[in-house]
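Participant: Pasting a predicted model and its sequence here:
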Amino acid sequence: MEAKSLTHQPAITLTSRTTAQAVPPRNTGLKNSRLSFEEMLQREVHQQPQPVKLSAHAEKRLAERNISLTEADFSKINKAVQQAATKGSRDSLLIYGDLTLVASITNRTVVTAVDRGSMSEHVFTNIDSAVFIK
């Protein structure tokens, strides 16, 4: 077998004159923003969270079971949802006396409500936390 000599051909031929083009600045999404990270963080921390909402299903369940929630009840539920959010929860079981609520923490929405008399299986799935409300 005869040995062949291999020559390396460059993939790109450069001309004697090359021009450099400036790379456009990366878009950070913060137009004309002069706030420091610390200032932005403080704004977020001190911003009031959205109040908890009831889904149509939860409203229906509460009405079927003749359960009414007062402003004080909603205040306690809001506080519990905020605590769960602080811990990184996404879906939580909120236990409030004889009432059990399943809430989407990320959406700040109570998804369903069950009272002690209506619990048949005593099993709740797809939750990542539980909060006992005093």
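Facilitator: All right, it came through fine.

Participant: What segments of the chain are strands?
Facilitator: For the chain, applying DSSP state E gives strands covering 53-54, 91-96, 99-104, 109-115, 129-133.

Participant: can I get these in JSON lines with distance to Ala85?
Facilitator: (Glycine included, C-beta is placed from N, CA and C.) Below are the strands of the chain laid out as JSON lines (distance: least, CB to CB, whole Å):
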{"stretch": "strand 53-54", "distance to Ala85": "14"}
{"stretch": "strand 91-96", "distance to Ala85": "9"}
{"stretch": "strand 99-104", "distance to Ala85": "10"}
{"stretch": "strand 109-115", "distance to Ala85": "12"}
{"stretch": "strand 129-133", "distance to Ala85": "10"}
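
Participant: got CSV for these, with mean pLDDT too?
Facilitator: Shown next, in CSV, are the strands of the chain (pLDDT from 0 to 100):
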stretch, mean pLDDT
strand 53-54, 96
strand 91-96, 97
strand 99-104, 96
strand 109-115, 94
strand 129-133, 97
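
Participant: want to throw those strands into JSON lines with mean neighbour count?
Facilitator: Formatted as JSON lines, those follow (neighbours: other CB atoms under 10 Å):
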{"stretch": "strand 53-54", "mean neighbour count": "16"}
{"stretch": "strand 91-96", "mean neighbour count": "19"}
{"stretch": "strand 99-104", "mean neighbour count": "22"}
{"stretch": "strand 109-115", "mean neighbour count": "19"}
{"stretch": "strand 129-133", "mean neighbour count": "16"}
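
Participant: Of all those strands, which one is nearest Glu64?
Facilitator: The stretch from the strands of the chain with the least distance to Glu64 (CB to CB) is strand 109-115; that distance is 9.4 Å.

Participant: one step back: Ala80 is nearest to which of the strands of the chain?
Facilitator: So among the strands of the chain, strand 129-133 is nearest, using CB to CB, at 4.4 Å.
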